[in-house]
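Engineer: Sequence first, then the predicted structure, then my questions.
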Amino acid sequence: MVTLVGRSSSHFTRVARMFAVELGVEHELRVVPDLMTLDPAPYADNPALKIPTLIDEEGALFGAENVCRALARRSGRSGVVLRGDVGARIVANAEELVLHAMSAEVLLILAKATSTPAGPKVGASLENCLTWLDARHEEMLAALPPERSLSFVEVALFCLVTHLPWRNVLAIDRWVRLTTFARTFGERASAKATEYRFDAR
Ligand SMILES: N[C@@H](CCC(=O)N[C@@H](CS)C(=O)NCC(=O)O)C(=O)O
């Protein structure tokens, strides 16, 4: 049994949780009660004050991508496509832009919560990324190994595009391919098991 430190309302945490469910890795979620706290302890001592963190017999592992890699290794499953596994530029760029868009969304949410400006480029860069990902969605999927059981880029994209409307950051209807993708991918058991909700504080 491993521990995922995070929140059910966090898209980065959901990426890790979906990986754990998909790969059959037994885990528990340890909720960080308050994401505004400056004390690293509740974040499993992550000095960046970020979630998620994995805790296993080797200690703490920070960040969604690291966590997915560790979960894949632990599961021993094949057919898992992690970031950087595919040489095609379309996939590498999609991985970069999905992660950027997820971080941009975090900045927008934090700015709203603290009534401080997020900076002039954040909203535009998030929307640009969604437009880029929508326009190249089929090309990107076609460049992924057809025999894959799971890919980091698809799970992260799903967690991003479902989080934006759920957190009232952005409606995604105008990105039609991404909207359709979210609906289809959302049928997976791992998606249904990790639906966004606010944990009790
Ligand atoms: N690089 C980290 C980023 C994680 C991240 O930004 N998580 C958000 C929650 S979805 C967070 O910790 N927000 C609190 C904050 O930024 O203060 C990762 O890939 O896991």
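Structural biologist: Here it is on my side, so go on.

Engineer: Please list the residues of the protein that sit near the ligand.
Structural biologist: Proximity of the chain to the ligand (C-beta under 6 Å from any ligand atom) is limited to residues 10-12, 35, 49-52, 63-65, 103, 106, 110. (C-beta placed from N, C-alpha, C; glycine too.)

Engineer: could those residues go into CSV alongside distance to residue 185?
Structural biologist: As requested, the residues of the chain next to the ligand are exported to CSV (distance: C-beta to C-beta, whole Å):
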residue, distance to residue 185
10, 18
11, 14
12, 17
35, 26
49, 30
50, 25
51, 22
52, 20
63, 22
64, 17
65, 19
103, 21
106, 21
110, 27
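
Engineer: Spatially, which two of those are the most separated?
Structural biologist: Within these, 65 and 110 form the most distant pair, 20.5 Å apart (C-beta to C-beta).

Engineer: Neighbour count for the two, which is higher?
Structural biologist: Set residue 65 next to residue 110 and count neighbours by other C-beta atoms under 10 Å: residue 65 wins out with 18 against 13.

Engineer: right, and the more buried one touches residue 83 too?
Structural biologist: Yes: under the criterion of C-beta atoms under 8 Å, residue 65 makes contact with residue 83 at 5.5 Å.

Engineer: So for those two, which residues contact both of them?
Structural biologist: Counting by C-beta atoms under 8 Å, 6 or more residues apart in numbering, the common neighbours of residue 65 and residue 83 are residue 152.
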